[in-house]
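Undergrad: Predicted model, plus sequence, below.
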Amino acid sequence: MAKPAARAQPAAAAPAAQVTIGGEDAAETVQRWQPPAVEIADDGVAAARRQAAQAFEQGRLYEDAQAAVPLWLALLQRDAKDRQAVAGLKRARQQLLDDANALLVRPLKQREAVAQASDMALVLLTIAPDDPRVRQLQSRVEMAQRVIAYNRAGEEDLRAGRIGEDGDGAIPNFREALALNPDDARARQGLAAAESGLIGRAETAARASDFATAGTWLAEAAKVRDSSITIADAFERIERIRADTLTRLRDEGLRDLATPQGLKAAREKLEDALRMALPGDPVVGQLRERIELVTHYGSFRPRQVFSDALRDGGRGPQMIVVPHGGFQMGAGDAELGASDAEKPSHYVRFERGFALSITEVTVADFRRYVQASNARPRATRRGHSIVYDERSGNFVRHSGVDWQSDYNGGPALANSPVMHVSVRDAEHYAIWLSEQTGRSYRLPSEAEFEYVLRAGSSGRYPWGDAGTPPARSGNFTGAEDVSPSGRRWYNAFVGYGDGWWGPAPVASFEPNAWGVHDVAGNLSEWVADCWHASYRRAPADGAAWFNPGCRQRVIRGGNWANAPEQTRAAWRQSQDSDTTSARIGFRLVRGI
């Protein structure tokens with residue numbers, strides 16, 4: 001049995017001593033490796049050399065007394081000039097440097113690798129304390145240990161749900177690790193996991209319809225790392241959730257609006273949608289627009305044209321839906337030709353739209369009422385009305401004239417505006433039409449009439465401030481108009497001619513900006529209001545200003561025989577409720 005070349009001392013080495021290394025401004029306390037004690041007999045030197053070389057080849061460099069480095073150190077204690085030991089330690093130093101550096105870049109099992117590299121660094125500090133490569137290795141080991149500590153703390157924070165968006169948790173720990181080692185894959189993976197956690201919170205909030213919170217979490221996720229693709233994908237997912245939610249709310253809201261009492265429920269869904277939607281979302285815009293329409297127009301739309309069926313199989317007058325809104329009613333203080341009755345100018349607002357006859361009620365329309373109800377309008381009962389007399393050029397009372405008559409007492413065309421009717425005749429026609437259709441028809445209020453007459457303008461005349469009407473804009477007193485016997489108007493619009501002396505058939509001229517014909521000309525028209533000498537205390541909501549039992553009523557709008565100042569948009573006139581004339585007709589409003 002061969003005699004061992006060296007004998008190790010028993011059991012574990014003594015606790016490692018502490019040694020301080022560092023520069024002028026800082027110090028770090030590190031452990032020192034204590035080599036196992038090795039005894040070499042005088043006749044065992046050669047065997048020890050062989051044993052050390054063999055251990056080196058086997059990769060056993062420092063683990064125990066039979067490893068290469070302890071043996072070479074023991075040989076040098078015997079002889080500091082032992083060339084084989086010096087060369088061996090040099091090879092061991094290089095091998096430990098190579099192995100430690102390789103361990104520090106190993107991607108897997110980093111903790112074990114760094115611990116092993118740390119052991120190697122301690123060995124190297126013992127055998128080559130002045131080698132700058134050793135000092136560099138020791139710094140790398142310490143950095144790697146700190147990186148691992150930060151990564152472990154970050155991972156524990158992630159498991160506990162402390163992502164660290166508030167500055168205390170996983171994200172700061174991983175960032176500290178990356179500050180030490182920008183290439184550390186584990187810290188980068190940790191930040192990716194933190195980003196995913198924030199994205200998960202964002203998607204959870206989105207599924208709960210809390211898109212404000214979802215946006216906050218997504219914004220925090222975008223701060224974690226430079227990952228525009230990941231954030232963009234998450235944003236698209238959240239936007240899909242938002243779009244699906246908004247589409248569902250819109251569809252449910254539209255279904256609510258189709259029910260009699262569904263407006264409140266639809267508004268609640270709109271409020272929910274507005275909290276979730278981005279500005280300008282078209283789906284929410286659809287629901288809002290539909291709610292607006294139902295609020296202001298019921299089942300109609302602005303500018304919609306319709307007519308109601310009558311019980312006798314006919315159709316009522318053609319109506320057009322007037323947009324809701326507001327306007328300044330009456331004449332301004334400085335308006336030329338204005339009277340005190342047209343003042344003060346005041347703001348009127350219609351919160352709901354209404355439908356108005358596109359044209360004045362025609363002779364044919366009125367005939368259906370008279371025949372169906374056996375009505376006897378005022379001029380028929382009285383046996384006369386006011387007509388234009390061509391021989392004198394004046395308006396005179398003429399016998400045998402009623403609603404079937406033209407402006408001069410002759411037979412009226414079916415499509416002419418009905419005239420020679422009193423305000424009560426017009427109201428009775430509205431009552432009959434309401435009974436026939438099941439809808440609510442009435443005379444327009446004075447505010448409604450002026451609102452439509454102006455149609456969004458604010459000038460002196462319905463068409464603006466120009467002293468002459470635009471061509472084909474209506475049947476007014478034009479200086480170019482000539483009566484059958486060659487008469488001309490004494491006071492007329494200079495340079496204007498419409499080709500008619502007397503009322504024209506309805507819709508003979510262009511409609512105004514809101515699609516209504518003849519509201520500014522042809523015939524003046526009865527409205528629902530009683531006469532008041534001014535607008536003081538007039539209703540601000542556009543309702544008729546009516547006092548039961550009043551006899552003086554209001555007519556509005558210019559006519560074929562009015563002076564230019566009586567064609568102004570604010571012009572109004574008082575008439576006895578029994579008045580019938582070749583210059584007065586009417587049209588109706590229908591509630592929507």
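TA: Yep, it's here.

Undergrad: I would like the residues contacting stretch 334-344, please.
TA: 330-333, 460, 532-536, 565, 568, 570-572, 574 (C-beta atoms under 8 Å, 6 or more residues apart in numbering). To be clear about C-beta, it is placed using only N, CA and C from the backbone, and glycine gets the same treatment.

Undergrad: again, only this time at 10 Å
TA: 329-333, 345, 450, 459-460, 531-536, 538, 554, 563-566, 568-574 (C-beta atoms under 10 Å, 6 or more residues apart in numbering).

Undergrad: On the pLDDT front, check the residue nearest to Gly459 when sequence neighbours are not counted for me.
TA: Distances taken as C-beta to C-beta, 6 or more residues apart in numbering put Asp465 closest to Gly459, at 4.3 Å, once the chain neighbours are dropped. You'll see Asp465 listed with a pLDDT of 95.

Undergrad: Among the contacts of stretch 334-344, name the ones in strands.
TA: 329, 554, 572-574 (DSSP state E).

Undergrad: what bits of the protein have low per-residue confidence?
TA: Across the chain, the ranges flagged by pLDDT under 70 are 1-30.

Undergrad: ok, 80 please
TA: Low-confidence segments of the chain (pLDDT under 80): 1-31, 107, 227-228.

Undergrad: Break it into its domains for me.
TA: Per automatic domain parsing, the structural domains of the chain span 6-129, 239-297, 319-590.

Undergrad: hey, which of those domains is tucked in deepest?
TA: Most buried of the domains of the chain by mean neighbour count (mean count of other C-beta atoms under 10 Å) is domain 319-590; its value is a mean of 19.

Undergrad: circling back to that earlier point, any chance of JSON lines for the ones in strands among the contacts of stretch 334-344, columns distance to Arg397?
TA: Listed next are the ones in strands among the contacts of stretch 334-344 as JSON lines, based on distance: C-beta to C-beta, whole Å:
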{"residue": "Met329", "distance to Arg397": "34"}
{"residue": "Val554", "distance to Arg397": "22"}
{"residue": "Arg572", "distance to Arg397": "24"}
{"residue": "Gln573", "distance to Arg397": "19"}
{"residue": "Ser574", "distance to Arg397": "19"}
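
Undergrad: Closest one to Pro317 out of those, please.
TA: Val554 (21.2 Å; C-beta to C-beta).

Undergrad: can you map out the strands along the stretch 401-550 of the chain?
TA: Remark: strands assigned in the stretch 401-550 of the chain by DSSP state E, counting those that start in this stretch are 441-442, 524-530.

Undergrad: of those, which approaches Ser422 most closely?
TA: The nearest among the strands of the stretch 401-550 of the chain, by C-beta to C-beta, is strand 524-530 at 8.0 Å.

Undergrad: From the contact counts, what lies against the helix or strand Ser118 falls within?
TA: According to DSSP states H and E, Ser118 maps onto helix 110-127. Applying 3 or more C-beta pairs under 10 Å, 6 or more residues apart in numbering; DSSP states H and E, one finds that helix 110-127 contacts strand 18-21, strand 28-31, helix 68-78, helix 83-104, helix 132-159.

Undergrad: and it with helix 68-78, angle?
TA: Helix 110-127 and helix 68-78 meet at an angle of 10 degrees, taking axes from the mean of the first three to the mean of the last three C-alpha atoms, to 10 degrees as the criterion.

Undergrad: then stretch 81-95 to CSV, C-alphas only?
TA: Taking Å, rounded to 0.1, in the frame of the first residue of the first chain, the C-alpha atoms of stretch 81-95 are listed here in CSV:
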residue,chain,number,x,y,z
LYS,A,81,11.2,29.1,-4.9
ASP,A,82,9.5,25.8,-5.9
ARG,A,83,9.2,26.4,-9.7
GLN,A,84,6.6,23.7,-10.3
ALA,A,85,4.4,25.1,-7.5
VAL,A,86,4.8,28.6,-8.7
ALA,A,87,3.9,27.5,-12.2
GLY,A,88,1.0,25.4,-11.0
LEU,A,89,-0.4,28.3,-9.0
LYS,A,90,-0.1,30.5,-12.0
ARG,A,91,-2.1,27.9,-14.1
ALA,A,92,-4.6,27.5,-11.3
ARG,A,93,-5.1,31.3,-11.0
GLN,A,94,-5.9,31.5,-14.8
GLN,A,95,-8.2,28.5,-14.6
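
Undergrad: Pull the distance from it to the chain's centre.
TA: From the chain centre to the centre of stretch 81-95 is a distance of 77 Å (C-alpha atoms, centre = their mean, to the nearest Å).

Undergrad: ditto for stretch 38-57
TA: 85 Å.

Undergrad: circling back: need the domains of the chain in a markdown table (columns: distance to Ser139).
TA: A markdown table is the format used below for the domains of the chain (distance: least, C-beta to C-beta, whole Å):
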| stretch | distance to Ser139 |
| --- | --- |
| domain 6-129 | 9 |
| domain 239-297 | 48 |
| domain 319-590 | 78 |
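
Undergrad: which stretch among those domains comes nearest Arg225?
TA: Closest among the domains of the chain, using C-beta to C-beta: domain 6-129, at 19.1 Å.

Undergrad: chain center to the closest one: distance?
TA: Worked out by C-alpha atoms, centre = their mean, domain 6-129 lies 72 Å from the chain centre.

Undergrad: ditto for stretch 153-166
TA: The answer for stretch 153-166 is 36 Å, by C-alpha atoms, centre = their mean.

Undergrad: Any idea which of the domains of the chain gets closest to Asp312?
TA: Across those, closest to Asp312 is domain 319-590 (C-beta to C-beta), at 6.3 Å.

Undergrad: and whichever strand or helix holds Ala273, what does it pack onto?
TA: Per DSSP H and E: Ala273 is located in helix 263-276. Under the contact definition 3+ C-beta pairs under 10 Å, 6+ apart, helix 263-276 sits against helix 211-222, helix 228-257, helix 282-297.

Undergrad: Next up, the contacts around the nearest residue to Arg225 once chain neighbours are set aside.
TA: Excluding its sequence neighbours, the residue lying closest to Arg225 (C-beta to C-beta, 6+ apart) is Leu191, at 4.9 Å. Contacts for Leu191 (C-beta under 10 Å, 6+ apart) come out as 154, 164, 170-171, 173-175, 177-178, 224-225, 227.

Undergrad: likewise Leu254?
TA: Going by C-beta under 10 Å, 6+ apart, Leu254 touches 262, 266, 269, 286-287, 290-291, 294.

Undergrad: now with 7 Å?
TA: Applying C-beta atoms under 7 Å, 6 or more residues apart in numbering to Leu254 gives the contacts 287, 290.

Undergrad: do Pro503 as well
TA: 407, 416-417, 419, 475, 522-523, 560.

Undergrad: rerun that using 8 Å as the cut-off
TA: Counting by C-beta under 8 Å, 6+ apart, Pro503 touches 406-407, 416-417, 419, 475, 522-523, 559-560, 582, 585.

Undergrad: Which one of the residues you listed is nearest to Ala144?
TA: For the contacts of Pro503, with Ala144 as the reference and C-beta to C-beta as the criterion, the closest is Asn522, at 97.0 Å.
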